[in-house]
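Q: fold the stuff below for me.
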Amino acid sequence: MNSLNATAEQYFALVVPATSLLLGLSLMAGWNSLRRQRYLLWIAAGYILTCIPLAAQSLMNDRQMASWAVATGALYCSGAWAIAQGFAARSGDRLPVRPAVLITALVLAALFHFSRAEDSLAMRTLSLNIGMALLLALPLPRLFRSRHDDNLLERVLRYSYVVLVLYSLARPMMVLGFSPVPSSGELSRSGLWLWMLAINLLLNLWFVFLLLGSVVQGLMERLRHERNHDPLTQLLNRRAFFEVANAQLATGHPQRWAVLACDVDHFKRINDTWGHAAGDHVLRHMGTLLSGMVRPHDVVARFGGEEFVLLLRCQDIDMAQSIAERIRTTLATTPCSPINETLTASFGLTLVAGPKDLSAALERADQAVYQAKNKGRNRVVRAGALEPIT
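A: Numbering: from 1, shown residues only. Just a heads-up that it's a prediction; the model follows:
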């Protein structure tokens, strides 16, 4: 009866590696749909590589564990390395191979010694888990150096990874600090082994939950960016401009904002002479110049074609015109490849009284652009200035 119960416990323990396998396959499926997220493939490989020796050891006695220690250790180290490489890749980096090879070689040498020359389950456990912890710790500096997406989910994922490294160090202490199984003497049939499997399962589920949440969040951000930005210049599009501009106008004093509209001069001639590819380059050049000459609280958008609109925070209309003149002068003196010429643009400028005045202000600025073109182009024309608002 005891033997049957022990065997049932061993087969029950297979649920954990089987779950790890399924989680790894789910991450591979995610990578298959999102080829840009290559780190998912690394982490999936880590899950799959570690589930193989975990399943095998769950069916082994201590003597069999010693016989297969080097083989299972190689798979465990490979899995830890793959997970570490995946988290490094997620931070936009790549781990050097040499430290991982050195750590793995030392671990396998220790496993060979403590399974063949001197049979010691405790030393094998200690060697393997310290090695895995060192492998998992390799990307930690990169994780804490990369803060470009430092939101709550990213912070939870980052500190959860630290917990994973610490757990890898604590795991051998659990084996060394408690008697595995007083009754049978077999680690794989002990309550401690089942506890470690349960913790392993919870960590695996937790990381997959966080990773998939991060992928969904990234997809939503990418879709939001594609919805709000012009694909050619990466500036805000017309719809997003109204959202952002209305939010800005609602928070500042009305007379401290101005709308600046601009239109590239002779853009049709550029397309007809050098082709549409050159025209696209001109628009990207224009977008880069405009976004590089404004302050963080200003808003820049491409409304379509060669038309660009800016919302400028300013003390008065004279300050706004000074900004517009600086943009115009810089544009007219900066060569634009591949046409190897400088560009000019016509600008229309007007104050905006607040969110309710935004559409009317855009119309006034647009009319001022036409006046600038009629007056010879390459100039800034003010629309009817608003009276100061008290």
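Q: distance check, Ala109 against Pro172.
A: Per Cβ to Cβ, to the nearest Å, Ala109 is found 17 Å from Pro172. C-beta coordinates here come from the backbone N, C-alpha and C atoms, glycine included.
Q: who has more neighbours, those two?
A: Higher neighbour count among Ala109 and Pro172: Pro172, with 20 against 12, using other Cβ atoms under 10 Å.
Q: for that one, list the residues it contacts.
A: Neighbouring residues of Pro172 by Cβ atoms under 8 Å, 6 or more residues apart in numbering: Ala122, Thr125, Leu126, Leu128, Asn129, Ile130.
Q: how far does the one helix or strand it maps to sit from the chain's center?
A: If you go by DSSP states H and E, Pro172 is part of helix 152-177. Distance of helix 152-177 from the chain centroid (Cα atoms, centre = their mean, to the nearest Å) equals 22 Å.
Q: equivalent analysis for stretch 312-329, please.
A: Once both centres are worked out by Cα atoms, centre = their mean, stretch 312-329 turns out to sit 36 Å from its chain's centre.
Q: list the contacts of that stretch.
A: Applying Cβ under 8 Å, 6+ apart, the contact partners of stretch 312-329 are 248, 252, 255-260, 262, 289-290, 293-295, 297-298, 344-345, 347, 349, 351, 378-380, 382, 385.
Q: of the residues you listed, buried ones?
A: 248, 255-260, 262, 289-290, 294, 298, 345, 347, 349, 351, 378-380, 382 (16 or more other Cβ atoms under 10 Å).
Q: inside strands: which ones of those?
A: Those of these mapping onto strands are Trp257, Ala258, Val259, Leu260, Cys262, Ala345, Phe347, Leu349, Leu351, Val380, Arg382, per DSSP state E.
Q: hey, which helix or strand in the protein has the poorest pLDDT?
A: Using mean pLDDT, DSSP states H and E, the weakest-scoring helix or strand in the chain turns out to be helix 2-13, at a mean of 56.
Q: just for the stretch 1-150 of the chain, where's the confidence low?
A: Low-confidence segments of the stretch 1-150 of the chain (pLDDT under 70): 1-12, 32-33, 35, 146-150.
Q: 80 - rerun?
A: Low-confidence segments of the stretch 1-150 of the chain (pLDDT under 80): 1-13, 30-36, 145-150.
Q: helices of that one, start to end?
A: 2-13, 15-33, 39-58, 62-67, 69-90, 97-112, 121-137, 140-145 (DSSP state H, counting those that start in this stretch).
Q: next, the distance between the ends of stretch 113-131.
A: 15 Å (Cα to Cα, to the nearest Å).
Q: hmm, I typed the wrong one, I wanted stretch 345-360.
A: Separation of the first and last residues of stretch 345-360 by Cα to Cα is 22 Å.
Q: return the set of buried residues in it.
A: Ala345, Ser346, Phe347, Gly348, Leu349, Thr350, Leu351, Val352, Ala353, Gly354, Asp357, Leu358.
Q: just checking, the fourth one touches Gln367?
A: Yes - with contact defined as Cβ atoms under 8 Å, Gly348 and Gln367 form a contacting pair (6.8 Å).
Q: joint contacts of those two?
A: Shared contacts of Gly348 and Gln367, defined by Cβ under 8 Å, 6+ apart, comprise Ala383.
Q: keeping just the C-alphas, turn whatever helix or strand Ala301 lives in into CSV.
A: In this assignment (DSSP H and E), Ala301 forms part of strand 299-304. What follows is strand 299-304, C-alpha atoms only, in CSV (Å, rounded to 0.1, in the frame of the first residue of the first chain):
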residue,chain,number,x,y,z
VAL,A,299,2.2,69.9,-29.8
VAL,A,300,3.3,69.0,-33.3
ALA,A,301,1.1,67.2,-35.9
ARG,A,302,0.9,66.4,-39.5
PHE,A,303,-2.6,67.2,-40.8
GLY,A,304,-2.1,65.6,-44.2
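Q: circling back to that earlier point, the helix holding Pro172 versus helix 69-90: what angle between them?
A: Angle between the axes of helix 152-177 and helix 69-90 is 160 degrees (criterion: axes from the mean of the first three to the mean of the last three Cα atoms, to 10 degrees).
Q: after helix 152-177 comes which helix or strand?
A: Counting by DSSP H and E, the element after helix 152-177 in chain order, helix or strand, is helix 191-228.
Q: from the chain's centroid, how far away is that following helix?
A: 14 Å.
Q: thanks again, I'm all set now.
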